[in-house]
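Enquirer: sequence and computational prediction follow.
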Number of protein chains: 2
Amino acid sequence: MPDMDPEEFRRLGHAVVDWIAEYRARIADLPVRADVEPGWVREQLTPALLSPGLPEEPQPLSGLLDEIDRVVVPASMHWQHPGFFGYFPANVSLHSLLGDMLSGGLGAQGMLWSTSPAATEVEQVLLDGLADALGLPPSFTFAGGGGGSIQDSASSAALVALLAALHRSAPDWQERGVDGTERVYVTAETHSSLAKAVRVVGLGSRALRIVEPSPGSLAMSPAALAAALRADVDAGLRPVLVCPTIGTTGTGAIDPVREVARAAAAHRAWVHVDAAWAGVAALCPEHRDLLDGVELVDSFCTDAHKWLLTAFDASMLWVQDATALPAALSITPEYLRNAASESGAVVDYRDWQVPLGRRFRALKLWAVVHGHGLSGLRAHIRSHVALAEELAGWVRDDPGFTLTVPPSLALVCLRVVTGAGQDADDRATRAVLEGVNAAGSEFLTHTVVDGRYSIRVAIGSVTTEFRHVRALWERLQADAARYRQNFPVHRGDPVQPRSTHQ
Amino acid sequence: MPDMDPEEFRRLGHAVVDWIAEYRARIADLPVRADVEPGWVREQLTPALLSPGLPEEPQPLSGLLDEIDRVVVPASMHWQHPGFFGYFPANVSLHSLLGDMLSGGLGAQGMLWSTSPAATEVEQVLLDGLADALGLPPSFTFAGGGGGSIQDSASSAALVALLAALHRSAPDWQERGVDGTERVYVTAETHSSLAKAVRVVGLGSRALRIVEPSPGSLAMSPAALAAALRADVDAGLRPVLVCPTIGTTGTGAIDPVREVARAAAAHRAWVHVDAAWAGVAALCPEHRDLLDGVELVDSFCTDAHKWLLTAFDASMLWVQDATALPAALSITPEYLRNAASESGAVVDYRDWQVPLGRRFRALKLWAVVHGHGLSGLRAHIRSHVALAEELAGWVRDDPGFTLTVPPSLALVCLRVVTGAGQDADDRATRAVLEGVNAAGSEFLTHTVVDGRYSIRVAIGSVTTEFRHVRALWERLQADAARYRQNFPVHRGDPVQPRSTHQ
């Protein structure tokens, strides 16, 4: 029972490539959001897969492609659609897909250097090269004593940074675990993955300190941070990690990394920068100021799988001390011992992450850098920032809308203005968002700012061009106008949006 | 700056498929293990990627393929090689690769049901179907109140099981974290990922209880477990999780799940079964006894990416209580709220794992089930078990070798017998392993059993057939004979193999 014959793979692989090419070519004609009820997919697939059960005999590929056309495509959110403006983009560029195919073809396990020297060193080289291209200081490169790794997600990057911080803060952590005095500092706008990491590592939510923003902003107040740190230390608690964000999920707010790092340094707390979405913009010199102060932090994370054209999963995490993660995470049973690891001359990336196994993820990143070049990556980012500026201008010029906060790179947060007060604006904004999503040409998500409902327009899909943003704007205007006709200066029950502070 | 034109992707995608087909066709002619020094890959890639830096302008795909041929292939361990007998297999069948390509083509993010209903429900359906095909009780299916998910690795599966166990054991864990009384029970043969999970969740190594094996075996002693549980409870400690293994990494030992689960039940400890490698064999009725007692456990993990033909990452984790993981892990900020989640009618797989984002991993598993059928999957497993039985027979018949332990499914552990005592046998076994690996046609790894060095032959590559196992055996015989000629009944300094008990 050997594997499929390679010649058969050639034939079937071409068919799959053709399917993908056709899907990507027609993607703009599909509704961006699936219009299916919970359970519909299961119901559709039950005859083939559940009742009576999984197929006994091999089936032809054409049958799988038919099922994907019949069931999967209609039940999919099309994240690569030009009208996808939700969450943050999750670029899967076709160049990155080529690299990912090669990774699967090689089928390597990169857990140790020795189990695939290429998987390890290509990753090291690319992360060194990207650190330089982003303007990170040389101390974040392997050549400079630090180094980068590809994590599955910014959530996992935050988790391993926190583990390294716990280890540095208490040398007996590996043996005795946490002791309940540890504290972690974020803001109300910090991504929920930090709260999740704090839970995972056993600290409990009581360890999470929500630092106030500076007045009139959503960014962490360094003074409030310093005060919180001081108060905790005075109370016998132990500041372990501070997480400033460059580009929050809600609104793209940017915490003042330099001042945050200085406040943290006074108490030797680890500083982890979460720049999951926005960090890649530092490839452009005009956005290099995003990284101000980053030479003072311990770890820096930005996702290639959001806005840098690389298929999930490819979250890039750099540290200034290449020994920090292995020191915290390494455990070596006999069956993983090998001469290369014991020589100390190599990086074993399993010690930079929680899972043991790891795919050759660097190939998809290499394919992106190779196929687009740095100039192409910059053009990709600049095009979306320019589109966001256009959209923000239209919003400013239309009295029926307002910017919730100033736009941040390619993220624009806006609200409908009804003239009937903030509660009415909340209702109108929500109704307009729901109308856009129901129509199917564009997809939007929301956030809540200062208790008020806000549409987020996150521009960044691999296929989004001027005309798509313009079409979104025209739809927003038309839907808002229709809402105002239906509910002229209507004052109903006040809406109570949920807090973002979970 | 839009993405590559789909027609261009069609052309380049065909070229990549052709490259993969050619690589797989010639893989048996490559040395299975890379013969490169640390730093060689970096040195080779520096002109293109580091000095002066990453390319500014887009480069043609042919250049990337050339670099992969020139640098990556010679610096790779070829895990899909027919002579790969190391660690455990990491099957990347060509069917699974087709499914993975489709996943990348769709480019979906399956973090919430609403962000890709298809990604979520296809996974639910397949995991239900596979639970049934494996012989797991219906209580592990969504239809039965439990359910399955695809994790990135068995390490992560163990981690989330432990988090669910901590939550169940102490309802204030989310708020107050761990308290130092928690205890986790394994054996010395349990995979190191359990020790890592215990470290990650903040318990420290003091929380890890190494339960003794039953006399004359490497399997957990239920009596010793019961005694350890009782002693800990009497000391005011809290048993949180017990992890029996079905098919340990070292030797394929099988813990008595039924009796272990009964002992754990007396103290309401969570039972997590790690069957990462061996569990998939339960697809064959003749190996169904592997699952004896599994109806008594809380969670069960087996990897599709080891021996079930599916590209990493695809570790399957089933639980009997579908609410257990979300109850432990869910945190919902405003920007992730949506009507489907709030209806309670859907599964949001982000709440079954630590990362937020997730790829449409079920497609590669579907492609495997579809392309091979259950009969093909069984034939794949049976062929390797039969090859292992052949090899074990040859070992038994040759006085120059001995089986370290009885073979377990497709894993054979063996030692060279020199006639000069156990220390000499250790040296000879190690020398023979190193000789085989240096020769390049096969790759082996080792373990230590009862303080003695042992070769592990893990049969299971997608391309391994009878002739490859026969060739390995002939090489082992020849190398052992050569060793005996060079060191006839030699008694040198005793070798001190490292303990497996890390």
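Expert: Perfect, I can see it now. Just so it is clear, the model here is predicted, and its values are computed rather than measured. Numbering: from 1, shown residues only, chains lettered A, B, ... in the order given.
Enquirer: quick one, domains of chain A?
Expert: A:6-92, A:108-359, A:373-486 (automatic domain parsing).
Enquirer: give the rounded mean pLDDT of the longest one.
Expert: In other words, domain A:108-359. The average pLDDT within domain A:108-359 is 97.
Enquirer: helices along the stretch 251-400 of chain A, start to end?
Expert: Along the stretch 251-400 of chain A, counting by DSSP state H, counting those that start in this stretch, helices occupy A:257-265, A:304-307, A:324-329, A:339-343, A:362-397.
Enquirer: out of those helices, nearest to A:G144?
Expert: Proximity to A:G144 (Cβ to Cβ) singles out helix A:324-329 among the helices of the stretch 251-400 of chain A, at 14.0 Å. C-beta here means a position set from N, CA and C on the backbone, and glycine is covered the same way.
Enquirer: does A:R26 count as helix, strand or coil?
Expert: helix (DSSP: H, G, I helix; E, B strand; the rest coil).
Enquirer: need the pLDDT of it.
Expert: 97.
Enquirer: for the one 3 residues further on, same thing?
Expert: Looking at A:D29, its pLDDT reads 97.
Enquirer: might you report the residue contacts of A:D18?
Expert: B:R10 (Cβ atoms under 8 Å, 6 or more residues apart in numbering or on different chains).
Enquirer: which helix or strand contains it?
Expert: In the assignment (DSSP states H and E), A:D18 maps to helix A:6-26.
Enquirer: circling back: kindly compare burial across the domains of chain A and name the winner.
Expert: With neighbours defined as mean count of other Cβ atoms under 10 Å in any protein chain shown, those peak in mean count at domain A:108-359, which reaches a mean of 22.
Enquirer: straight-line length of it, end to end?
Expert: 6 Å (Cα to Cα, to the nearest Å).
Enquirer: got the CA coordinates for the helix or strand encompassing A:Q174 in CSV?
Expert: In this assignment (DSSP H and E), A:Q174 forms part of helix A:173-176. C-alpha atoms of helix A:173-176 as CSV (Å, rounded to 0.1, in the frame of the first residue of the first chain):
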residue,chain,number,x,y,z
TRP,A,173,9.6,28.5,38.2
GLN,A,174,10.4,25.3,36.3
GLU,A,175,10.4,23.3,39.5
ARG,A,176,7.9,25.2,41.7
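Enquirer: start to end distance for stretch A:397-406?
Expert: 14 Å.
Enquirer: what about that stretch, near chain B?
Expert: No. Stretch A:397-406 lies out of reach of chain B by Cβ under 8 Å from any Cβ of the partner chain, never closer than 12.8 Å.
Enquirer: hmm, who's touching that stretch?
Expert: Against stretch A:397-406 from outside (Cβ under 8 Å, 6+ apart): A:218, A:251-253, A:392, A:395-396, A:412-417, A:449, A:452, A:454, A:476-477, A:480-481, A:484.
Enquirer: now, those that are in helices?
Expert: A:392, A:395-396, A:476-477, A:480-481, A:484 (DSSP state H).
Enquirer: can those residues go into CSV with extra columns for distance to B:R262 and pLDDT?
Expert: As requested, those are exported to CSV (distance: Cβ to Cβ, whole Å; pLDDT from 0 to 100):
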residue, distance to B:R262, pLDDT
A:A392, 65, 98
A:V395, 65, 98
A:R396, 69, 98
A:L476, 62, 98
A:Q477, 67, 98
A:A480, 64, 97
A:A481, 68, 96
A:R484, 68, 92
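Enquirer: list of residues touching stretch A:375-394?
Expert: A:280-281, A:283-284, A:287, A:307-309, A:368-369, A:372, A:403, A:406-407, A:409-412, A:457, A:459-460, A:462, A:464-466, A:469, A:472-473, B:1, B:56-58.
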